[in-house]
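Peer 1: my questions are about this predicted structure, shown below with the sequence.
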Amino acid sequence: MSKHSASGPPGQAPDANTAALRKPRRKRVVLNDSRNPVTVVRTITELEEQTSVGEVLVRNLLRAQFKTSMWLAALTLTPLVGLPLAFYLCPAFAAATLFGVRLPWLLIGVLPFALLFGVGYWHNRLAERHEKDFVNMVES
């Protein structure tokens, strides 16, 4: 059998049967690749196997996210609790009007929605930054 008969006439694409019989190209496997430092592999392995080092890394990420959450919760609760308290303690402030509407209705009816949206957006950005810093630390 000639070289051309197995794959068809020269200049034509081989049929499906002969293409399936061909061996795939060999792939070179390199264990000491400078693009992937050993420390990255070790750190990822420690995270996957949940070793003590991996637990410390994950605990630090969770601690940073928890601190951010608590700080933003305090920042959110201060005006939400402070406004009704200010209206109670200062009746003149509670009696003020703006555009014919009493100020307490405007502040308690509108401000919490804007505040919660803004704090939620800020929290999302900070959480993503913590995760990005964690990934950069693991990969470096």
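Peer 2: Thanks, I have the structure now.

Peer 1: okay, how far is it across stretch 89-107, tip to tip?
Peer 2: From its first residue to its last, stretch 89-107 covers 16 Å (C-alpha to C-alpha, to the nearest Å).

Peer 1: mind checking how far residue 89 is from residue 132?
Peer 2: 44 Å (C-beta to C-beta, to the nearest Å). (Each C-beta comes from the backbone N, C-alpha and C, glycine too.)

Peer 1: scratch that, residue 54
Peer 2: Taking C-beta to C-beta as the measure, residue 54 falls 18 Å from residue 132.

Peer 1: break down this structure into its helices, ranges please.
Peer 2: Remark: helices assigned in the chain by DSSP state H are 3-7, 16-21, 38-48, 52-89, 91-95, 103-139.

Peer 1: need the contact list for the closest residue to residue 60 other than its chain neighbours.
Peer 2: Once flanking residues are discounted, residue 60 sits nearest to residue 134: 8.0 Å by C-beta to C-beta, 6 or more residues apart in numbering. Residue 134 makes contact with 57, 60, 61 under the criterion C-beta atoms under 8 Å, 6 or more residues apart in numbering.
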